[in-house]
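Asker: 3D model of this:
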Amino acid sequence: MSMHSSQPPEQRRAPSAMHKWLPVIVADRCTGCGLCVAACGPACLEIVDQVAVLTRPDQCGSEEHCIAPCRDDAIH
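Answerer: Have a look, this model is predicted:
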């Protein structure tokens, strides 16, 4: 069985540019420290009921700046 697509190259579709990475917050791990909120340049994250929440996903630049400051590994 071939690992290549059976479609000719001109008919293969490129990945959609409409999809972007968005942070997913694992609420059970989040302590609400706010470090991710402070690191988010476009201000897309907020602390709501002591948990980080992506309140403005349309503004997220998919830069992943919120991941590294998270000490609790709550953002993926």
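Asker: and the end-to-end length of stretch 31-43?
Answerer: 19 Å (C-alpha to C-alpha, to the nearest Å).
Asker: Return the set of buried residues in that stretch.
Answerer: In terms of neighbour count (16 or more other C-beta atoms under 10 Å), stretch 31-43 has its buried residues at 32-33, 35-37, 39-40. (Each C-beta comes from the backbone N, C-alpha and C, glycine too.)
Asker: Out of these, which is nearest to residue 49?
Answerer: In terms of C-beta to C-beta, no member of the buried residues of stretch 31-43 lies closer to residue 49 than residue 32, at 8.1 Å.
Asker: Was I right to think the closest one contacts residue 46?
Answerer: No - using C-beta atoms under 8 Å as the test, residue 32 is too far from residue 46 to be in contact (10.5 Å).
Asker: and for these two, which residues touch both?
Answerer: residue 52 (C-beta atoms under 8 Å, 6 or more residues apart in numbering).
Asker: From the buried residues of stretch 31-43, pick the one nearest residue 20.
Answerer: Distances from residue 20 to the buried residues of stretch 31-43, taken by C-beta to C-beta, are shortest for residue 40, at 14.8 Å.
Asker: show me what contacts the closest one?
Answerer: 65-66.
Asker: Residue 24 versus that one, what's the distance?
Answerer: Distance of residue 40 to residue 24, given as C-beta to C-beta, to the nearest Å: 14 Å.
Asker: Next: residue 58.
Answerer: 16 Å.
Asker: try residue 54
Answerer: Taking C-beta to C-beta, one finds residue 54 at 8 Å from residue 24.
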